[in-house]
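Q: return a 3D structure for these sequence lines:
(2 chains)
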Amino acid sequence: MALGINFLIMNNLLNRTLIILIFSSLIIVGVTSSLQFFWIKQKIEKRVDRTLKREKKLIKEQIKDIQPETGFSYNTNRASVKFISNSIQLSNDSIYNGIMIEDGEKINYRILNTFLEVGGQNYKVEIRKELEETNTFIESLYFTFLITLILVILMFILFKYFLLKNTWLPFFKTLKQLKDSDLQNNLTKFSETVNIKEFNDLNKELNEIANRIYYEYQGQKKFIENLNHELMTPLAIIKTKLELIIQSENLNENDLKLISSIFDAIDRLTKLNQSLILISKIENNQFEEVEKVSIDECINDVLNSFEDQIRIQKISIRKQIKSKVILDSNEMLMFVLLSNLIKNAIFHNYAEDGIIDIILKDDYLVIKNTGAVNELNQLVFERFKTSKKHGQSLGLGLSIVKHICILYKFKIAYHQDNNLHTVTLNFNSSELLQN
Amino acid sequence: MKILIIEDDQELLRSMLRYFDSFGYNSEGSKTLRSAREKLSSHLYDCVVLDINLPDGNGLSIIKLIKDLKNKTGILILSANDSLDDKLDGLELGADDYLTKPFHLAELHARLKSILRRNQHEGDNKLIFNEIEINTDSNDVRVNNKLLKLTKKEYELMLFLITNKNRVITKQSISDHIWGDFVDMYDSYDFIYTHLKNLRKKIIAQGGNDYIKTVYGIGYKFSNNE
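A: This is a model prediction of the structure:
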């Protein structure tokens, strides 16, 4: 059953080949068998017709011998002779196929219609010859063709499995390897000793590409890491020197204001750096160790850290939180993930009297918040994309969320219904995040 | 307090030494592992500030050395790399705290004081500023011997300000201290203002003076004089 469905629907390389082979063999066998059928039929009919004509001569002789009286006629299975009036115009011979019913059985006949003039008398003569033998012969011919066809198709199917197991095997191996491997983080090696030249060439080219991808990516990664870390010390110098400068008594308000904006800029630069480092760490799988993280507790921690904002904005938090929801993950990452989502729900809420619903079940988390209509109607997971409303935001929060979701194979979905925004986080989904 | 700062960057080292000197601490600097080892074996320090990445090796080996000496020396790791491994390794080896660059001097100072309080329980659990007294063991604040009812954040603010008394403290450093690096806050300066306002009110209500001065445009200062 499954094979049959596959055969019809799947349009893969070998099935496609198989279908083409089967269709072409159907056409070839069909055309040749029809041609042969007509040819054989014609040959046989010609023979039968000759016999019929000989018989006609014979009947003529017999009538001459008998010299029947006017009105003579006879009728048997094989022929009928009928006396007709002289005034009727005689027409030419005609031969056709006919069916007669004998003992309730249909029997095919070849029939010769002719007129004879014997001794000044006209006769209408009909001579019949049974065709049953011929039909049986043609039937068995069909049967043979059918068996040949079935054998050919069976052979093609076998042929397909042979191709799959042999000729195309290296190709499918390469394909699987490509699907399974992470070219950026692992140096993938494709076999260059397969026994088919084209596939060998393919693997050679792929090896070159894989090499380039791996080394370029690793180099880039190292560069970004080093850059981020090297930036930290100069930033620390600037920050500490400024902190020493502001202790001076000789600065006026304007000086201090200028310095304060430098502090803000340093903070932004630092946070940007930290976020980028965090993302690259998640991408590099540097959070391999998993621990039992209690999501309900984590949510409460996050809410505590935002208590000031929640209080000032008079947001009502409605919780439906199942306790002891444990996920194998990294506690810090889960905190970052949840705090970004909850921060988002606060950030994009009404300035006052908004509502946030938090629903936690064993395998999903739903965060609903009131807020102005989001024109994009989707969450923006790309780096550095921020809403116009808040110039200070770095726009990395949701990008981090996305990376954490990919890491733990969580599925995140966003839905907007007028002023109600819903983010659903599915913990038990093996599907990758759709952006 | 005697502090050894092991940091290979000259300018960063200077900043830290200057800040600690202004509090009258006896602080010294080392730019290499070798000189740090020499200093540690000949002097007794209350606290060591340790940069992990040094030109002649990984600073983590210093932790072992200090632990082997079996003094009560506190260790604070300083690193440009906030990688979890370094942090865990360092804390596992026996470091007391971990601070990531770039940091505020006020924060570094507060952390060192806190390590000191934890390591040496000799009357250091009390911070006194005129009529204000903070007990860091019981986490309470008294004004004229009357207990203040403070929230956790108000208490932390109070402790941070008094630790860095007579210094201008930026609102950025207060925000980082109260909310940490993790929480990417917005409007945090307004919240600081609100918390400080409440704190002031509570101190004044118990007959205390208003020592929390606003330094316009940049932050706050906890001090006696104008």
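Q: quick one: distance of stretch B:161-171 to the chain centre.
A: 11 Å (CA atoms, centre = their mean, to the nearest Å).
Q: before we move on, what about stretch A:255-270?
A: Worked out by CA atoms, centre = their mean, stretch A:255-270 lies 54 Å from the chain centre.
Q: export it to PDB, keeping only CA atoms.
A: Listed next in PDB are the C-alpha coordinates belonging to stretch A:255-270 (Å, rounded to 0.1, in the frame of the first residue of the first chain):
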ATOM      1  CA  ASP A 255      30.500  68.800  32.000                       C
ATOM      2  CA  LEU A 256      28.700  66.200  34.100                       C
ATOM      3  CA  LYS A 257      25.800  65.900  31.700                       C
ATOM      4  CA  LEU A 258      28.200  65.300  28.800                       C
ATOM      5  CA  ILE A 259      30.000  62.600  30.800                       C
ATOM      6  CA  SER A 260      26.800  61.000  31.700                       C
ATOM      7  CA  SER A 261      25.900  60.600  28.100                       C
ATOM      8  CA  ILE A 262      29.300  59.000  27.500                       C
ATOM      9  CA  PHE A 263      28.400  56.500  30.300                       C
ATOM     10  CA  ASP A 264      25.100  55.700  28.600                       C
ATOM     11  CA  ALA A 265      27.000  55.200  25.300                       C
ATOM     12  CA  ILE A 266      29.500  52.900  26.900                       C
ATOM     13  CA  ASP A 267      26.600  50.900  28.500                       C
ATOM     14  CA  ARG A 268      24.900  50.500  25.100                       C
ATOM     15  CA  LEU A 269      28.200  49.400  23.500                       C
ATOM     16  CA  THR A 270      28.700  46.900  26.400                       C
END
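Q: what does the helix or strand hosting B:I204 rub up against?
A: Element membership of B:I204, judged by DSSP states H and E, is helix B:188-205. For helix B:188-205, contacts defined as CB atoms under 8 Å, 6 or more residues apart in numbering or on different chains pick out A:308-309, A:312, B:132, B:143, B:148-151, B:153-154, B:157-158, B:171, B:174-175, B:178-179, B:185, B:209-212, B:220. From N, CA and C alone the C-beta is placed, and that goes for glycine too.
Q: partners of the helix or strand encompassing A:I95 in the sheet?
A: Per DSSP H and E: A:I95 is located in strand A:94-102. Within its sheet, and counting by DSSP bridges, strand A:94-102 is paired with strand A:105-118 (antiparallel).
Q: whichever helix or strand comes after the strand it pairs with to strand A:105-118, inter-axis angle?
A: Downstream of strand A:105-118, the first helix or strand assigned by DSSP H and E is strand A:121-130. Interaxial angle of strand A:121-130 relative to strand A:105-118 (axes from the mean of the first three to the mean of the last three CA atoms, to 10 degrees): 150 degrees.
Q: quick one: list the elements packing against strand A:121-130.
A: Packing partners of strand A:121-130 (3 or more CB pairs under 8 Å, 6 or more residues apart in numbering or on different chains; DSSP states H and E): helix A:13-66, strand A:79-84, strand A:105-118.
Q: what comes up buried for the second one?
A: Residues of strand A:79-84 classed as buried under the neighbour-count rule (16 or more other CB atoms under 10 Å in any protein chain shown) are A:79, A:81.
Q: which residues sit against that strand?
A: With CB under 8 Å, 6+ apart as the test, strand A:79-84 has contacts from A:55, A:59, A:63, A:68, A:70-75, A:115-116, A:121-128.
Q: and the next helix or strand past the helix or strand of chain B with the lowest mean pLDDT?
A: The helix or strand of chain B with the poorest confidence is helix B:84-93; it has a mean of 74 (mean pLDDT, DSSP states H and E). Scanning forward in sequence from helix B:84-93 by DSSP H and E, the next helix or strand is strand B:97-100.
Q: care to break chain A down by domain?
A: A:2-164, A:181-286, A:291-426 (automatic domain parsing).
Q: meant to ask about chain B, not that
A: Listed by automatic domain parsing, the domain ranges of chain B are B:2-119, B:126-222.
Q: which of the contacts of helix B:188-205 are buried?
A: Buried members of those, scored by 16+ other CB under 10 Å, are A:308-309, B:132, B:143, B:148, B:150, B:153-154, B:157-158, B:171, B:174-175, B:178-179, B:185, B:211-212, B:220.
Q: good, wrapping up.
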